[in-house]
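>>> Mind folding the following:
(one chain, ligands or ions: 2)
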Amino acid sequence: MPIPVILDCDPGHDDALAILLAAASPELDLLAITTCGGNQTVEKCTINARRMCTVAGITGVPIARGAAGPLLGSLHIGEYVHGASGLDGPEWGEPTVPEAGENAHDLIVRILREHPEPVTLIPVGPLTNIALVLSAHPELKANIREIVLMGGSTERGNDTPYAEFNIRVDPEAADIVFRSGVPVTMCGLNITHQALATPDVIERLRALGTPMGDLCVELLTFFSASYLRTWGFTSPPLHDPVAVARVIDPSLVEVVSVPVAIETQGRFTAGATCVDLHHLTGEPDNALVATRLDAPRFWDLMIGAIASYE
Ligand code: BDR
Ligand code: CA
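Ligands and ions are numbered 1, 2, ... in the order given. Next up, the predicted model:
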């Protein structure tokens, strides 16, 4: 039986590839794509999800718009990485896949209530939508099998020296998620930086000889320039699909069980994930934290998924 999942995202180049992977995988039953403000405004991220689904021919999955900004304060966007549209690089036409008639919060709540099996949530943007659902409906925690997220790091940050972008955008939401009691797996920068789109990967995508292969090359070419300019990476890391891959095949990602706390107050460190790898705090474990990726098998999975589109 495929695993029922909801992908909560802020497309975003790597989010767009996470959509492709989640929708193509027979191991998953993709029940919904929900969006939030993050890499760009929620309006742009929602259009981008619809754009990606339109070009991929993903028509049966509702796309619902979620939170415009974090629980506290105003939205800080990732335009410096993803461009003015949030998905810069390719020329996009008008999306024909519609937006759902229901917002992300109501759709997630309805799916959790109605689905016969507990549902896995895969948030790969700021955690605002998930925190709002957990806070408004604590009784639905039992209907969530697990939350497998992209965010945080066991090491340093990317959006600030100590904070990873998704957690930094909404630290209060991340705090709610990590303290929720729902099983959480954190795929942070320390592991997503092992998923590098090297020239060999780009060549394999080009060699597919398909419009989707070419589109992914265009997306990764823009993403690559951002990563070179901002962080000096010669190959960009494909963050968000790693969380999807962990749900498809847990053996791709090694994890350790540890306590994780979210820094919400720090003058220089707000949004940092304090990952207690050596159990120094005496706090109980509240997350599985990813430590190692089988990168060759990850890329076989990702490229296989892209190859399944025209
Ligand atoms: C995360 O931030 C965004 O830019 C990416 O989409 C990813 O989810 C990486 O820090
Ligand atoms: Ca993202």
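
>>> Residue of the stretch 151-300 of the chain nearest ligand 2, please.
Here the residue of the stretch 151-300 of the chain nearest ligand 2 is residue 240; by CB to the ion that distance is 4.8 Å. Placement of C-beta: from N, CA and C, glycine included.

>>> Run a quick check on that residue versus residue 9, I expect a contact.
Yes: between residue 240 and residue 9 a contact is recorded at 6.8 Å, counting by CB atoms under 8 Å.

>>> Give me the common contacts of those two.
Common neighbours of residue 240 and residue 9, using CB atoms under 8 Å, 6 or more residues apart in numbering, are 15, 18, 124.

>>> Can you flag which of those belong to helices?
If you go by DSSP state H, the shared contacts of residue 240 and residue 9 have 15, 18 in helices.

>>> possible to save the shared contacts of residue 240 and residue 9 as JSON lines with neighbour count and pLDDT?
Formatted as JSON lines, the shared contacts of residue 240 and residue 9 follow (neighbours: other CB atoms under 10 Å; pLDDT from 0 to 100):
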{"residue": "15", "neighbour count": "29", "pLDDT": "98"}
{"residue": "18", "neighbour count": "29", "pLDDT": "99"}
{"residue": "124", "neighbour count": "28", "pLDDT": "99"}
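
>>> out of the shared contacts of residue 240 and residue 9, who's near ligand 1?
The subset of those lying close to ligand 1, counting by CB under 6 Å from any ligand atom, consists of 15, 124.

>>> before we move on, the earlier item: ok, now which ones touch the residue of the stretch 151-300 of the chain closest to ligand 2?
By CB under 8 Å, 6+ apart, the contact list for residue 240 reads 9, 12, 14, 15, 17, 18, 124, 150, 192.

>>> which of these lies closest to residue 220?
For those, the residue nearest residue 220 by CB to CB is residue 17; the value is 8.3 Å.

>>> got a list of what that closest one touches?
The neighbourhood of residue 17, defined by CB under 8 Å, 6+ apart, consists of 216, 219, 238, 240, 241, 302, 306.

>>> okay, now the first one: neighbour count?
Residue 216 is surrounded by 27 other residues when neighbours are defined as other CB atoms under 10 Å.

>>> chain center to stretch 106-118, what's the gap?
Distance, stretch centre to chain centre, for stretch 106-118: 20 Å (CA atoms, centre = their mean, to the nearest Å).

>>> Touching it from outside, list them.
Outside stretch 106-118, the residues touching it (CB under 8 Å, 6+ apart) are 1, 4, 6, 8, 31-32, 34, 62, 64, 100, 102, 119, 121, 129-130, 133, 136-137, 140, 142-145.

>>> at 6 Å instead, please
4, 31, 32, 64, 119, 133, 137, 140, 143, 145 (CB atoms under 6 Å, 6 or more residues apart in numbering).

>>> Of those, which is the most crowded?
residue 133 (27 neighbours).

>>> out of everything not next to it in sequence, what's closest to it?
If the residues on either side of it in the chain are set aside, residue 133 comes closest to residue 108, at 5.1 Å by CB to CB, 6 or more residues apart in numbering.
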